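K.L.:
No sequence on hand, only this structure:
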């Protein structure tokens, strides 16, 4: 992708629209209970981007948010989930302690999702045999144990 190209995304109804001006830092699947409940799916296909690559082009006043763990002393669990007030469609989740945002792959138009691994596979309710690494929690580089589980 050249510097002039941007990925476009939107909520379900289109009232909130955004662009992403880079390639993602990571693409993977998450099987944790929190992501499964948030996405209402057995697995979450996520993409992580630097916050500064996101630009809300339309509907910034139509974004609502929820922090499941406000005021907690555990800085690793901060996840501020953002969605459209009109349709409830997901937009992104802020991970301020990581300096990254998680944009669901499905809300990015014309985006090719190429996952590198699975995280929180111990919580999996939908086992996937795809040859990718399956981490019990997170890779060591992301603050996890780095322990891998079999397919």
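P.N.:
Yes, it's here. All values reported here derive from a predicted model rather than from experimental measurement. Numbering: from 1, shown residues only.
K.L.:
hey, let's count contacts and neighbours off CA atoms from now on
P.N.:
OK.
K.L.:
what's near enough to touch residue 137?
P.N.:
Listed by C-alpha atoms under 8 Å, 6 or more residues apart in numbering, the contact set of residue 137 reads 119, 120, 121, 122, 144, 145, 146, 147.
K.L.:
sorry, that was for residue 82
P.N.:
63, 64, 65, 66, 90, 91, 92, 93, 94.
K.L.:
change it to 10 Å
P.N.:
63-67, 88-94, 103 (C-alpha atoms under 10 Å, 6 or more residues apart in numbering).
K.L.:
Same list as before, the residues you listed that is, but in CSV and with pLDDT and neighbour count included.
P.N.:
Converted to CSV, those look like this (pLDDT from 0 to 100; neighbours: other C-alpha atoms under 10 Å):
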residue, pLDDT, neighbour count
63, 98, 19
64, 97, 16
65, 95, 15
66, 92, 12
67, 86, 14
88, 96, 14
89, 96, 20
90, 96, 23
91, 97, 26
92, 97, 23
93, 94, 22
94, 92, 22
103, 97, 24
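K.L.:
which one of these sits closest to residue 26?
P.N.:
residue 103 (10.7 Å; C-alpha to C-alpha).
K.L.:
before we move on, back to that, turn the contacts of residue 82 into JSON lines, including secondary structure.
P.N.:
Output for the contacts of residue 82, formatted as JSON lines (DSSP: H, G, I helix; E, B strand; the rest coil):
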{"residue": "63", "secondary structure": "strand"}
{"residue": "64", "secondary structure": "strand"}
{"residue": "65", "secondary structure": "strand"}
{"residue": "66", "secondary structure": "strand"}
{"residue": "67", "secondary structure": "strand"}
{"residue": "88", "secondary structure": "coil"}
{"residue": "89", "secondary structure": "coil"}
{"residue": "90", "secondary structure": "strand"}
{"residue": "91", "secondary structure": "strand"}
{"residue": "92", "secondary structure": "strand"}
{"residue": "93", "secondary structure": "strand"}
{"residue": "94", "secondary structure": "strand"}
{"residue": "103", "secondary structure": "strand"}
